[in-house]
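Trainee: coords please:
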Amino acid sequence: MSVVLAYRDFLGTASKWLSSRSTDKPICLLALGIFAMALSCLVLTSLLFLLDQKVNSKWHLDESFTVAVIFILVLSMGSSSMIEEEQYIWHFMTSSLYFLLLRRTMQSIITNGKQNIGSSDSIYSIIVVLICGRILRGWHQGGVNWTYLTDISKILEKAGTVYINSLHLLSVVFIMICLALLLLAKLQKRRFSVVLLLLLVYLFPVLMILTQITTNQDDTRLIQTIYALIGISTVGILVALPWLMPLLDPVSKEYSFGDAVYVIGWCYVSSWSLLQMLLQQPVNSMPTALLLVQILATIRYFSQGGLHIKQWVKVASLYYVGMAGHFGLGNTNTLATIDVAGAFIGISSHSTIISGILMFIITYASPMLALLSMLMDFDVRAFANSEENVDLGHVLKMTLGYPCLVPLVLNSILLVTYTIVLLLMRNHLFVWSVFSPKYMYVCATTACVYIGVSIVALSVTYTCAVFASRRKLNCSTSG
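Mentor: I've put the predicted structure just below:
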């Protein structure tokens, strides 16, 4: 009897405490938190405007729309239906932005009265981005689906695992072929030995992943070996490449800083893509490959340089592609779409931290891939135009300013806005089923952006410091 009474007292005390905590609204703490977020957003936005204050050129339609995208998304956050169908907003806005870029390209061709190889490549690149985006949208439609319009993933699941595994194998081979061709097209004959070495380094994890797919068994030791190879290769290339890369290009006699940053970005993208081939569900292998093609086609388009597209537009476009791809891989704003099973691939014993990291890697595959790919489209003119004694701060500001500030500003606007929306909607009927899970995704996206930006900043800073010291040493010895 005493046990029953003690348990009853415990339930009563716990109920009172939970009810008091659920109705507790620390106004001062909430106001302080929102003020800190708003202040951070204002500081980041001010830095971005200061970086662009010397540019007084007239804005084009695509540039105005790039800014309008984030505000349209902000306005949609007050509706639970819009949050549940956010994937359609990202797809429509990203597609509209690339249609505007296609329009600008066509206008440039008509104005100049001639079409060269660069303009043709630009048009083809945008068309590839649009086609891949439409296929991604149909792969995992999410939300309310039409009964006669089945998802591509559902069709493949009904067809059987043979077709899914075949697509999985094809996706791995397709990804490596695309990355190899892109590296060859960038470096060509100047760095053929570097290209060959990089392809040999990534050949071993590719063969292991293909073995893992064909056997269709979870070989823990093999998977852990793949993890180790990818990690060691990525870190080793980052550390060694700035020291091993020749200081001057043998053909153009320019500094190889741009090539070094590009190769490091290529290694990040390759490692991340191979890791997704191992962790993602087999039905998501082709969407991952299509997302990579979208990003590479975007980089190809921006690298043409004929339209003089501003750097912040390039970074924002990649960010939007990454967010649209996030939903294209089957993610939604509910916790039910998180791939929990994939978080235990290659783990011999239970570890909450490692499983959490793997779950984060699977869920935010697309935004992180977009952030890492920014190293492949870097403006390195500041280093080439610097004097013998390189002003490291100025060079880093000119090279890292937009790639770091633009994602931080866009994410900060969304974080501040949705924090306010969640507080206003705290008594809404769907606060626990719609608004709260969405806020968890917003916070996780913030962590993803900060991690990606930190990796980009540290990589460029390290590479720039190494090349600056080698350049100074070379000038002193030659002088």
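
Trainee: show me where the stretch 351-479 of the chain dips below the pLDDT cut-off.
Mentor: 379-394, 475-479 (pLDDT under 70).

Trainee: tell me where it has helices.
Mentor: Ranges of helices within the stretch 351-479 of the chain are 352-363, 365-372, 381-384, 392-424, 436-478, based on DSSP state H, counting those that start in this stretch.

Trainee: tell me the most buried of those helices?
Mentor: Burial of the helices of the stretch 351-479 of the chain is given as mean neighbour count (mean count of other Cβ atoms under 10 Å); helix 365-372 ranks first at a mean of 26. Where you see a C-beta, it was placed from the backbone N, CA and C, and this is true even at glycine.

Trainee: for it, what is the distance to the chain centroid?
Mentor: 2 Å (Cα atoms, centre = their mean, to the nearest Å).

Trainee: from the contact counts, what lies against it?
Mentor: When contacts are defined as 3 or more Cβ pairs under 8 Å, 6 or more residues apart in numbering; DSSP states H and E, helix 365-372 sits against helix 257-279, helix 285-303, helix 311-328, helix 436-478.

Trainee: now the helices of the stretch 351-479 of the chain as CSV including distance to Met245?
Mentor: Shown next, in CSV, are the helices of the stretch 351-479 of the chain (distance: least, Cβ to Cβ, whole Å):
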stretch, distance to Met245
helix 352-363, 29
helix 365-372, 19
helix 381-384, 13
helix 392-424, 17
helix 436-478, 8
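
Trainee: which one of the ones you listed lies closest to Tyr88?
Mentor: Across these, Tyr88 has its closest neighbour in helix 436-478 (15.1 Å, Cβ to Cβ).

Trainee: so the closest one versus helix 257-279, what angle?
Mentor: 140 degrees (axes from the mean of the first three to the mean of the last three Cα atoms, to 10 degrees).

Trainee: so which of the helices and strands packed on helix 365-372 is nearest Phe10?
Mentor: Nearest of those (Cβ to Cβ): helix 436-478, 27.4 Å.

Trainee: name the helices or strands packed onto that closest one?
Mentor: So helix 436-478, by 3+ Cβ pairs under 8 Å, 6+ apart, packs with helix 220-244, helix 257-279, helix 352-363, helix 365-372, helix 381-384, helix 392-424.

Trainee: would you mind putting these into CSV with distance to Ile109 alongside?
Mentor: As requested, the helices and strands packed on helix 436-478 are exported to CSV (distance: least, Cβ to Cβ, whole Å):
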stretch, distance to Ile109
helix 220-244, 38
helix 257-279, 28
helix 352-363, 41
helix 365-372, 28
helix 381-384, 26
helix 392-424, 27
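
Trainee: which among these is found nearest to Arg8?
Mentor: helix 352-363 (33.8 Å).

Trainee: list the contacts of that closest one.
Mentor: Contacts to helix 352-363, defined as Cβ atoms under 8 Å, 6 or more residues apart in numbering, come from residues 275-276, 279-280, 331, 338-340, 342-345, 347, 368, 444, 447-448.

Trainee: out of these, which end up buried?
Mentor: Buried members of the contacts of helix 352-363, scored by 16 or more other Cβ atoms under 10 Å, are 275-276, 279-280, 331, 338-339, 342-345, 368, 448.

Trainee: out of those residues, who's nearest Leu101?
Mentor: Met368 (23.7 Å).

Trainee: just for the stretch 101-250 of the chain, where's the confidence low?
Mentor: In the stretch 101-250 of the chain, residues with pLDDT under 70: 113-118, 142-149, 189-191, 249-250.

Trainee: could you report the neighbour count for Ile226?
Mentor: Residues lying near Ile226 (other Cβ atoms under 10 Å) number 24.

Trainee: and it, how far is that from Ile362?
Mentor: 15 Å (Cβ to Cβ, to the nearest Å).

Trainee: do Leu100 as well
Mentor: 32 Å.

Trainee: how far does stretch 451-465 sit from the chain's center?
Mentor: On Cα atoms, centre = their mean, the centre of stretch 451-465 falls 15 Å from that of its chain.

Trainee: likewise stretch 409-429?
Mentor: 22 Å.

Trainee: wait, isn't Val421 in contact with Ser80?
Mentor: No: between Val421 and Ser80 there is no contact under Cβ atoms under 8 Å: 10.5 Å.

Trainee: can you check which residues contact both of the two?
Mentor: In contact with both Val421 and Ser80: Phe435, using Cβ under 8 Å, 6+ apart.

Trainee: and Asp52, what is it in contact with?
Mentor: Lys310, Trp312.

Trainee: model confidence at it, what's the number?
Mentor: You'll see Asp52 listed with a pLDDT of 70.

Trainee: so how far is Val43 from it?
Mentor: Distance from Asp52 to Val43, by Cβ to Cβ: 15 Å.

Trainee: same question for Leu274.
Mentor: 37 Å.

Trainee: could you do Trp432 as well?
Mentor: Trp432 is 33 Å from Val43, where distance means Cβ to Cβ.

Trainee: please apply the same query to Tyr418.
Mentor: 19 Å.

Trainee: same check on Leu414?
Mentor: For Leu414 relative to Val43 (Cβ to Cβ), the value is 16 Å.
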